[in-house]
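Enquirer: here's my sequence, what's the structure:
(one chain, ligands or ions: 1)
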Amino acid sequence: MTEVLVLIDAPEGKATKPSLELLTIARRIGEPSAVVFGGSVPSTLAEYGAEKIYQFDDAVYDEFLVAPKAEALSQLVAEKSPAAVLVPSSAEGKEIAARVALRADSGLITDAVDVQVADGAIVTTQSVFAGNFTVDAKVTQGVPVIAVKPNSTAPEAVTGAGTVEAVTCEVSDAAKGAKITSSKPKEASGRPELTEAAIVVSGGRGTGGDFSEVEAFADSLGAAVGASRAAVDSGWYPHSFQVGQTGKVVSPQLYVANGISGAIQHRAGMQTSKTIVAVNKDEEAPIFELVDFGVVGDLKTVLPQATDEVAKRK
Ligand code: FAD
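Expert: This next block holds a predicted model:
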């Protein structure tokens with residue numbers, strides 16, 4: 001079996017769900033080896049199938065922006081010649097991926113939603129042009145570097161050997177060009193991260209500026225809250241929660257759009273959700289063209305009822 005390097009995102013020593021999904025995807029194409037930066041190795045890596053764990057434990061990876069991590073991962077790619085490198089499709093993951101692909105003189109595929117082996121080659125699937133086309137692609141030169149979107153698969157617990165190997169990298173001065181001077185933790189909302197959440201409940205202009213029903217319904221489901229651009233431009237919800245072409249791209253198991261008309265730019269950020277539900281008082285709203293389930297009604301009435309119903313079933 002060929003080795004597949006998987007870049008693990010593990011804030012505070014805990015592997016994120018998208019990182020565990022990558023281990024599951026890696027098993028489809030080879031033998032997963034996790035790559036961890038920092039002092040602690042999450043136990044979940046072995047529990048989700050990592051055969052090997054390469055640990056780069058040096059303060060330099062916390063002190064500087066992504067360049068040292070990219071340099072270390074590139075060194076590992078050169079040494080191990082893996083079948084592929086999988087990274088989370090986060091801002092940091094994609095930047096590292098681009099640098100690694102450049103150094104390896106290979107190809108980079110971003111925002112893949114599936115990775116398989118077909119006819120002996122590693123083939124990825126991407127959803128492009130606001131979800132209107134599905135593209136199968138493969139890297140034709142060097143080690144494929146692939147950024148995979150969160151929620152592309154469900155992480156499967158399969159015990160791997162989890163052998164930890166400490167590795168070091170002489171990080172160059174050039175990679176220390178941008179130092180982190182301070183960092184501030186995001187205010188904890190208690191809700192999952194928008195791009196990683198299995199369920200996203202969003203609100204648009206139809207909320208009239210009051211997101212309380214949207215948030216209550218989201219909390220009943222353990223979901224993240226999203227918003228349309230009309231809602232964030234009106235100052236009703238922070239920009240970091242905008243879903244769409246110029247916001248975040250989400251691909252949850254369930255997306256619930258409330259008081260959102262379904263403009264093409266909004267669809268671009270949520271169209272690949274597995275199941276889409278909309279609540280809109282206008283039965284002609286374009287969002288109903290793409291939903292699996294639609295409720296024609298006032299969200300101020302529908303959402304509290306739905307929240308109560310979820311509570312009853314818990
Ligand atoms: P509206 O289009 O005004 O729709 C509101 C909906 O709420 C209506 O369908 C109405 O029937 C319904 N409604 C009203 N009251 C209620 C109620 N009480 N109960 C139930 N339903 C109700 N938009 C994004 O979302 N994300 C982006 O990233 C984005 N990027 C853009 C980039 C560009 C370059 C441009 C030009 C536009 C972009 N937009 C984006 C804006 C986009 O075109 C739409 O204007 C926006 O998505 C509309 O938001 P909305 O659906 O909340 O509002």
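
Enquirer: assign a three-state SS to residue 75, would you?
Expert: The three-state label given to residue 75 by DSSP: H, G, I helix; E, B strand; the rest coil is helix.

Enquirer: residue 196 contacts residue 152, doesn't it?
Expert: No. Judged on CB atoms under 8 Å, residue 196 makes no contact with residue 152 at a distance of 11.3 Å. C-beta here means a position set from N, CA and C on the backbone, and glycine is covered the same way.

Enquirer: residues in this protein within reach of the ligand, list them.
Expert: Residues of the chain that fall close to the ligand, judged by CB under 6 Å from any ligand atom: 204-206, 228-231, 242-247, 259-261, 263, 265-266, 269, 279-282, 285, 298-300.

Enquirer: which of those residues fall in strands?
Expert: 279, 280 (DSSP state E).

Enquirer: what subset of the residues of the chain next to the ligand is buried?
Expert: Among the residues of the chain next to the ligand, those classed as buried by 16 or more other CB atoms under 10 Å are 204-206, 228-231, 242-244, 247, 259-261, 263, 266, 269, 279-280, 285, 299-300.

Enquirer: now residue 308: which helix or strand?
Expert: Using DSSP states H and E, residue 308 falls within helix 299-313.

Enquirer: can you check residue 42 too?
Expert: Here residue 42 sits in a region with no helix or strand, counting by DSSP H and E.

Enquirer: and it, what's its pLDDT?
Expert: pLDDT recorded at residue 42 is 97.

Enquirer: and what of residue 151?
Expert: With respect to pLDDT, residue 151 has a value of 84.

Enquirer: same check, this time on residue 1
Expert: 66.

Enquirer: ok, now the one 4 residues further on?
Expert: At residue 5, the predicted lDDT confidence score is 98.

Enquirer: what's the host helix or strand of it packed up against?
Expert: Element membership of residue 5 [criterion: DSSP H and E] is strand 3-7. Contacts defined by 3 or more CB pairs under 8 Å, 6 or more residues apart in numbering; DSSP states H and E place strand 3-7 against helix 17-29, strand 31-37, helix 67-80, strand 84-88, helix 91-104.

Enquirer: can those go into CSV with extra columns for mean pLDDT, mean neighbour count and distance to residue 5?
Expert: CSV is the format used below for the helices and strands packed on strand 3-7 (pLDDT from 0 to 100; neighbours: other CB atoms under 10 Å; distance: least, CB to CB, whole Å):
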stretch, mean pLDDT, mean neighbour count, distance to residue 5
helix 17-29, 96, 24, 8
strand 31-37, 98, 24, 6
helix 67-80, 98, 20, 6
strand 84-88, 97, 27, 5
helix 91-104, 96, 19, 9
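
Enquirer: which SS state does the spatially most central residue of the chain fall under?
Expert: Geometric centre of the chain, nearest residue: residue 150, 3.0 Å, by CA atoms, centre = their mean. Three-state secondary structure (criterion: three-state DSSP) places residue 150 in coil.

Enquirer: so it makes contact with residue 196?
Expert: Yes. Taking CB under 8 Å as the definition, residue 150 is a contact partner of residue 196 at 4.6 Å.

Enquirer: overlap in contacts of these two?
Expert: Counting by CB atoms under 8 Å, 6 or more residues apart in numbering, the contacts common to residue 150 and residue 196 are 17, 18.

Enquirer: what about residue 169, distance to residue 250?
Expert: 34 Å (CB to CB, to the nearest Å).

Enquirer: so which of the two has more stuff around it?
Expert: Taking neighbours as other CB atoms under 10 Å, residue 169 and residue 250 compare with residue 250 leading, 24 against 18.

Enquirer: contacting residues around that one?
Expert: Shown in contact with residue 250 (CB under 8 Å, 6+ apart): 151, 194, 195, 197, 200, 224, 226, 243, 269, 270, 273.

Enquirer: burial of the first one, as a residue count?
Expert: Other residues within reach of residue 151, judged by other CB under 10 Å, total 22.

Enquirer: compare the contacts of residue 250 and tell me which is most surrounded.
Expert: Counting neighbours by other CB under 10 Å, residue 226 leads the contacts of residue 250 with 34 neighbours.
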